[in-house]
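Undergrad: No letters, just coordinates:
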């Protein structure tokens with residue numbers, strides 16, 4: 001990729017540069033934690049950032065952004081500066097192209113004392129453009145790696161199992177669990193995806209809100225999968241699995257999303273910590289697939305902990321799982337995917353968010369595989385009376401713990417705005433010292449009331465549709481290099 005190596009050298013001078021984004025976003029202390037005695041050696045800074053793969057800037061989905069600001073040559077220095085400015089100990093990145101990892105991020109962050117791992121979520125001959133995936137970096141002066149595990153959700157031994165599943169387990173060729181943490185790009189030999197990993201992400205993301213673009217989304221999603229899934233769907237029907245809902249299994253088993261888990265030893269305290277990065281399926285027509293991916297993530301994380309730390313490790317080891325979960329914490333405006341929403345200020349809490357923060361997703365939740373039905377589908381009998389769980393992991397959103405709710409938005413395009421990115425932590429193990437504030441008017445981020453005297457909670461309740469209710473222009477632009485905003489939190493290990 002042109003210019004990658006030159007950017008490594010130029011990045012060395014960035015510490016002296018004054019950049020608008022780095023200056024504009026600061027860490028705001030959490031009131032409860034600020035009053036306590038600070039112990040720097042027990043503080044861990046975690047960052048998550050979807051950096052927007054270069055190939056997704058070429059499809060016309062960001063036509064609102066001038067071309068010169070979409071070019072990688074323009075965006076890369078701003079991405080590097082943002083990563084460096086927040087001085088994180090654990091860095092979780094999404095939409096990292098393989099070449100960007102191996103030629104830019106890996107050597108650049110290695111010079112700064114980090115070790116990194118890459119998991120591609122696109123493989124095979126049908127991938128358009130460079131494969132992209134997730135990357136996990138951690139500061140080696142603070143953490144000693146014990147075990148690293150890379151896997152795809154389709155390779156997890158799920159409950160219920162997928163029809164025609166070869167019962168892939170964590171020892172399969174598409175996952176790895178090693179003590180020697182590799183720093184090279186991992187490209188696993190799994191089948192090509194049934195649809196592009198992000199593809200029309202920016203367009204179809206409008207399905208979270210009412211828009212003309214969203215109206216066509218189900219048809220686009222269905223047509224993109226029908227040809228590649230027809231033979232498998234027939235096999236499912238022959239086995240009597242999946243009921244009338246063959247689309248769910250066809251999509252789940254062919255998707256290539258996954259995660260990287262790293263069991264790290266915190267050098268100052270000698271304690272083990274589990275850090276993970278993931279990027280769930282983008283398509284708003286399949287919240288049931290996303291929920292099952294989240295359940296697979298938790299199931300594999302809990303098994304990984306038990307394998308290396310003992311039976312009760314899911315409750316004893318501090319956990320940080322961060323990434324782009326492509327799911328809203330709440331939906332208050334009906335759309336083509338959810339024309340009817342529950343009454344109340346919270347609206348519809350997505351299946352992914354409910355599972356991650358409440359530990360379970362009952363079959364009657366609208367995003368559960370037993371309840372979600374697309375046009376022409378009937379109930380999926382495989383999930384009748386099956387409650388999806390977090391496999392014993394107790395998790396909460398760091399921003400919600402700090403502020404009482406999640407940000408109104410972490411992504412903003414011309415047609416969609418919402419919170420899709422999260423830092424999930426085990427609250428029994430961490431206190432939150434500060435969070436990176438958002439670059440828009442958000443009373444709770446500064447712990448004050450608005451000019452009208454409303455409380456931050458009242459302001460939050462008034463934000464029903466972030467696209468119209470939050471004053472923040474579409475990104476990327478000349479300041480923000482991605483269509484997602486980064487999140488970061490400073491966590492303090494409890495005694």
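TA: Perfect, thanks for sending it. Predicted, not measured: the structure shown is a model, and the values here were computed from it.
Undergrad: CA atoms for contacts and neighbours, from now on please.
TA: Noted.
Undergrad: for the chain, where's the lowest mean pLDDT among helices and strands?
TA: helix 212-215 (a mean of 30; mean pLDDT, DSSP states H and E).
Undergrad: Now do whichever helix or strand residue 297 is part of: distance to the chain's middle.
TA: Using DSSP states H and E, residue 297 sits within helix 287-309. Relative to the centre of its chain, helix 287-309 is centred 14 Å away, using Cα atoms, centre = their mean, to the nearest Å.
Undergrad: got a list of contacts for it?
TA: If you take Cα atoms under 8 Å, 6 or more residues apart in numbering as the criterion, helix 287-309 is touched by 149, 153, 156, 158, 248, 251-252, 258-259, 261, 274, 280-281, 312-314, 317, 327, 350-352, 355-356, 367-369, 372, 388-393.
Undergrad: helices and strands around the next helix or strand after that helix, which ones?
TA: Next helix or strand after helix 287-309 toward the C-terminus (DSSP H and E): helix 313-316. The contact analysis (3 or more Cα pairs under 8 Å, 6 or more residues apart in numbering; DSSP states H and E) places helix 313-316 against helix 287-309.
Undergrad: Type out the PyMOL command that picks the buried ones from the contacts of helix 287-309.
TA: In PyMOL, a selection of the buried entries from the contacts of helix 287-309 looks like this (16 or more other Cα atoms under 10 Å):
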select buried, resi 149+153+156+158+248+251+252+258+259+261+274+280+281+313+314+317+327+350+351+352+355+356+367+368+369+372+388+389+390+391+393
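Undergrad: Need the three-state assignment for residue 400.
TA: helix (DSSP: H, G, I helix; E, B strand; the rest coil).
Undergrad: tally of neighbours for it?
TA: By the measure other Cα atoms under 10 Å, the count of residues near residue 400 is 15.
Undergrad: Find the nearest non-adjacent residue to it, please.
TA: residue 406 (4.7 Å; Cα to Cα, 6 or more residues apart in numbering).
Undergrad: list the contacts for the spatially most central residue of the chain?
TA: Residue closest to the mean C-alpha point of the chain, counted by Cα atoms, centre = their mean, is residue 324 at 1.8 Å. For residue 324, the contact set (Cα under 8 Å, 6+ apart) comprises 49, 50, 94, 278, 279, 280, 420, 421, 422.
Undergrad: in what helix or strand does the residue nearest to residue 400 lie?
TA: Going by DSSP H and E, residue 406 is not in any helix or strand.
Undergrad: so it touches residue 399, yeah?
TA: Yes: between residue 406 and residue 399 there is a contact at 5.4 Å, judged by Cα atoms under 8 Å.
Undergrad: Please name the bridge partners of the residue nearest to the centre of the chain.
TA: With DSSP bridges applied, residue 324 shows beta-bridge pairing to residue 279, residue 421.
Undergrad: Which pLDDT value goes with it?
TA: We have a pLDDT of 99 for residue 324.
Undergrad: before we move on, what about residue 22?
TA: 54.
Undergrad: same thing with the one 10 residues further on?
TA: At residue 32 the predicted local distance difference test score is 59.
Undergrad: Strands - which of the contacts of helix 287-309 land there?
TA: Among these, the members found in strands (DSSP state E) are 149, 258, 259, 261, 274, 388, 389.
Undergrad: measure the fifth one to residue 338 for me?
TA: With distances taken as Cα to Cα, to the nearest Å, residue 274 is found 35 Å from residue 338.
Undergrad: Also the last one?
TA: Remark: distance between residue 389 and residue 338 (Cα to Cα) = 23 Å.
Undergrad: same thing with the third one?
TA: Remark: distance between residue 259 and residue 338 (Cα to Cα) = 28 Å.
Undergrad: again, but for the second one
TA: Here the distance between residue 258 and residue 338 works out to 26 Å (Cα to Cα).
Undergrad: Ok, the first one next?
TA: Taken as Cα to Cα, the spacing of residue 149 relative to residue 338 amounts to 36 Å.
Undergrad: same thing with residue 322?
TA: From residue 322 to residue 338 the distance is 26 Å (Cα to Cα).
Undergrad: These two - which one has more neighbours?
TA: residue 322 (31 against 20).
Undergrad: Count residues in the vicinity of the nearest residue to residue 425 once chain neighbours are set aside, would you?
TA: Spatially, and ignoring its direct neighbours in sequence, residue 425 is nearest to residue 320 (4.5 Å; Cα to Cα, 6+ apart). Close neighbours of residue 320, defined as other Cα under 10 Å, add up to 24.
Undergrad: Need the three-state assignment for residue 320.
TA: strand.
Undergrad: Quick check: beta-bridge partners of it?
TA: For residue 320, the beta-bridge partners under DSSP bridges are residue 275, residue 425.
Undergrad: Need the per-residue pLDDT for residue 345.
TA: Predicted confidence (pLDDT) for residue 345: 78.
Undergrad: and residue 27, what are its phi and psi?
TA: phi -80, psi 130 (degrees, to the nearest 10).
Undergrad: What residues does the closest residue to residue 482 other than its chain neighbours make contact with?
TA: Excluding the flanking residues, the one nearest residue 482 by Cα to Cα, 6+ apart is residue 476, at 4.8 Å. For residue 476, the contacting residues are 62, 65, 69, 70, 482, 483, 484, by Cα under 8 Å, 6+ apart.
Undergrad: Give me the neighbour count for the closest residue to the fourth one other than its chain neighbours.
TA: Spelled out, that is residue 70. Leaving out its chain neighbours, the residue that sits closest to residue 70 by Cα to Cα, 6+ apart is residue 57, at 6.2 Å. Per other Cα under 10 Å, the neighbour tally for residue 57 reads 20.
Undergrad: low-scoring pLDDT stretches of the stretch 201-350 of the chain, where are they?
TA: Residue ranges of the stretch 201-350 of the chain with pLDDT under 70: 201-246.
Undergrad: Kindly recompute the last result at 90.
TA: For the stretch 201-350 of the chain, the stretches with pLDDT under 90 are 201-247, 310-315, 332, 334, 342-346.
Undergrad: do the stretch 1-150 of the chain as well
TA: Looking at the stretch 1-150 of the chain by pLDDT under 90, you get 1-42, 58-60, 121-130.
Undergrad: can you pull out the strands in it?
TA: With strands called from DSSP state E, counting those that start in this stretch, the stretch 1-150 of the chain shows them at 27-29, 43-50, 90-97, 114-120, 132-139, 143-152.
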